[in-house]
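Visitor: Quick one, what's the 3D model for this:
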Amino acid sequence: MVQPAPAPKPAAAPKPTTALDAGTAVPAAAKSPDAGTAASATKPAPKMTPEVKTLVDRMQAFYEKTNDFKSGFKQDYKYKTFRRTQSSTGTVTYKKPGLMRWEYANPSPRTFVLAGSKVYAYDPAAQTLSVAAVDTNQLSASVTFLFGQGKLADEFAISKGDCKDCKGTLLVLDPLKTEPRFRQVRLEVDPASAQVLKSTVVDPDGSENTISFLELKTNVGIAADSFKLNPPEGTRVDDFTKAKAP
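Guide: Model prediction:
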């Protein structure tokens, strides 16, 4: 609980998106804010209601004491331009500090691993493994709080939203300064455990990337080796972190 979803061309079919897109697991991490964002003024944060503040504090405390977790997930990406939804399912595994693995099962097997300053993407059907750099200093608090770091109230105006179908309390997070990577974040939080049940990131174009966490289990003793990728012989490796020869 890394980068905005791809903006498809009007005449083209939408490209597949993942939990590393549009900001859920690692929202907007692969792209740094542009120069204009850095210079934009930050709005003063409005005070949270006592109810919201208590839940936000409990939620942050929950993830601060979480050393690892494993969960099933269902992802629904609603493309606003194409008026269609792409759904995926799989499992997500996390271990401090900053190791995360998204294992997609449907509609096609794929694996994405965030490890330190690198993101690995393995596509068994295409027999390719891509490696890209990620600036962890640019991770939003909407990601780092899941790692037990960062304070949501420092970056967002947080309010309680209305949601008839929610199983938990809906928190609406609006960025305090201009954010080119996403427009809004919504977190559905279990009021009993204070864990995130569902996360929705709204892209600048209005598309929505929603991750529902299913049967999340914490502090189960996940080994660091669980985040290693060992593709079979013959897999093409595209390492974009290495400088190209002149």
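Visitor: report the longest helix in this structure, please.
Guide: Of all segments of type helix in the chain, defined using DSSP state H, the longest is helix 50-64.
Visitor: Show me what secondary structure element comes after that one.
Guide: Note on helix 50-64: by DSSP states H and E, the next helix or strand toward the C-terminus is strand 68-79.
Visitor: Direction included, what does that next one pair up with?
Guide: Under the criterion DSSP bridges, strand 68-79 sits next to strand 84-95 (antiparallel), strand 208-218 (antiparallel) in its sheet.
Visitor: sorry, back to before: quick one: the longest helix of the chain to chain centroid distance?
Guide: A distance of 19 Å separates the centroid of the chain from that of helix 50-64, by C-alpha atoms, centre = their mean, to the nearest Å.
Visitor: Can we start the residue count at 381 from this point?
Guide: Yes, from this point I'll number from 381; that puts the last item at helix 430-444.
Visitor: Show me what that helix is packed up against.
Guide: helix 532-535, strand 536-540, strand 549-555, strand 564-569 (3 or more C-beta pairs under 8 Å, 6 or more residues apart in numbering; DSSP states H and E). Every residue, glycine included, has its C-beta placed from N, CA and C.
Visitor: Out of those, flag the one nearest Glu483.
Guide: Closest approach to Glu483 among the helices and strands packed on helix 430-444 is made by strand 564-569 (22.7 Å; C-beta to C-beta).
Visitor: Could you pull up the mean pLDDT of the next helix or strand after the closest one?
Guide: Going down the chain from strand 564-569, the next helix or strand is strand 576-582, by DSSP H and E. Strand 576-582 comes out with an average pLDDT of 93.
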